[in-house]
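Trainee: after the sequence you'll find the predicted model.
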Amino acid sequence: MNDFVGISIFHLLTKEIDQLTGGSRGRKAKFAQIYEKTNCTLKMPSHGANVIRIETNPGKFAIESLRKAKIELENFFLDYLNLDGCIGRLFYDLAFFCQHLHPQRGKSCVYQRNPWKPNEMGYMSVVEVPYIGNDWHTHHLFNKEFRTLSRVHSVGCKALIIDKRGRYKTDWRTCKPYVWVWGYKPGDVDEAVKILNDVNMLHKNTCSGHLPK
């Protein structure tokens, strides 16, 4: 039995994982700690791929062991990143790439822990924001005429705008700005994602900066 944990949202190479965990020795030590707790082995390809593979022996409790190992990995990143805004994107990708552990899904969302409230479960999604080069556009989401955030709230969800200047900031150098969407019903989150995507498309079509479509 195995599962895969994708962390491509950080665009991490092996050397950057080493920095996260205190070097290659630190990585092995952390992986060993998770093995001792869960009987799961964590592996990384030797050529800088953006994936951590979690493996355990087949058996009655294999899925639960994988789940525990993934949670241990999530908790490690929570501690390291110290509530940096990129944790919303991280938790979404961790769930998205773990089909066996996160089968509950909507059209655009997955069932996962809330990284800001790790004991809370719900449905989450990530919406990309328009950009020109390194200039990421989020100001239109606060436009009173569009009423974007209030419309998201009206369908039972909340949206956090994650960028370097916002209330929820990310200083992680490879985490692109994004909107993190959270709710308790998959249909609600899918509707909120549609609202955000529609507003982003409207902005792309009307912005004078020639945003990529």
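Mentor: Noted; the coordinates are in hand. These figures come from a predicted structure and were not determined experimentally.
Trainee: every contact and neighbour count from this point should use C-alpha atoms.
Mentor: Fine.
Trainee: now stretch 63-74: buried residues?
Mentor: I63, S65, L66, R67, K68, A69, K70, I71, E72, L73, E74 (16 or more other CA atoms under 10 Å).
Trainee: so where does N57 fall, helix or strand?
Mentor: Using DSSP states H and E, N57 sits within no helix or strand.
Trainee: circling back to that earlier point, could the buried residues of stretch 63-74 go into JSON lines alongside pLDDT and distance to L160?
Mentor: JSON lines is the format used below for the buried residues of stretch 63-74 (pLDDT from 0 to 100; distance: CA to CA, whole Å):
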{"residue": "I63", "pLDDT": "87", "distance to L160": "31"}
{"residue": "S65", "pLDDT": "90", "distance to L160": "32"}
{"residue": "L66", "pLDDT": "89", "distance to L160": "29"}
{"residue": "R67", "pLDDT": "90", "distance to L160": "27"}
{"residue": "K68", "pLDDT": "92", "distance to L160": "28"}
{"residue": "A69", "pLDDT": "90", "distance to L160": "28"}
{"residue": "K70", "pLDDT": "90", "distance to L160": "24"}
{"residue": "I71", "pLDDT": "92", "distance to L160": "23"}
{"residue": "E72", "pLDDT": "91", "distance to L160": "25"}
{"residue": "L73", "pLDDT": "87", "distance to L160": "23"}
{"residue": "E74", "pLDDT": "89", "distance to L160": "20"}
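Trainee: pipe those residues into TSV and attach secondary structure and distance to V199 per row.
Mentor: Formatted as TSV, the buried residues of stretch 63-74 follow (DSSP: H, G, I helix; E, B strand; the rest coil; distance: CA to CA, whole Å):
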residue	secondary structure	distance to V199
I63	helix	40
S65	helix	41
L66	helix	38
R67	helix	36
K68	helix	38
A69	helix	38
K70	helix	34
I71	helix	34
E72	helix	37
L73	helix	35
E74	helix	32
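Trainee: could I get these as a markdown table with distance to K164?
Mentor: Converted to a markdown table, the buried residues of stretch 63-74 look like this (distance: CA to CA, whole Å):
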| residue | distance to K164 |
| --- | --- |
| I63 | 37 |
| S65 | 37 |
| L66 | 34 |
| R67 | 32 |
| K68 | 32 |
| A69 | 31 |
| K70 | 28 |
| I71 | 27 |
| E72 | 28 |
| L73 | 25 |
| E74 | 23 |
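Trainee: hmm, which two among those residues are most spread apart?
Mentor: Checked with CA to CA, those reach their widest spread between I63 and E74, with 16.4 Å between them.
Trainee: what is the neighbour count of C40?
Mentor: By other CA atoms under 10 Å, 25 other residues sit near C40.
Trainee: got the contact list for it?
Mentor: I34, I54, E55, T56, N57, S65, L66, A69 (CA atoms under 8 Å, 6 or more residues apart in numbering).
Trainee: could you identify the most distant pair in those residues?
Mentor: Greatest spatial distance in these: I34 and N57, 14.7 Å, computed using CA to CA.
Trainee: which one's more surrounded, the two?
Mentor: Taking other CA under 10 Å, I34 and N57 do not tie; I34 has more neighbours (21 against 15).
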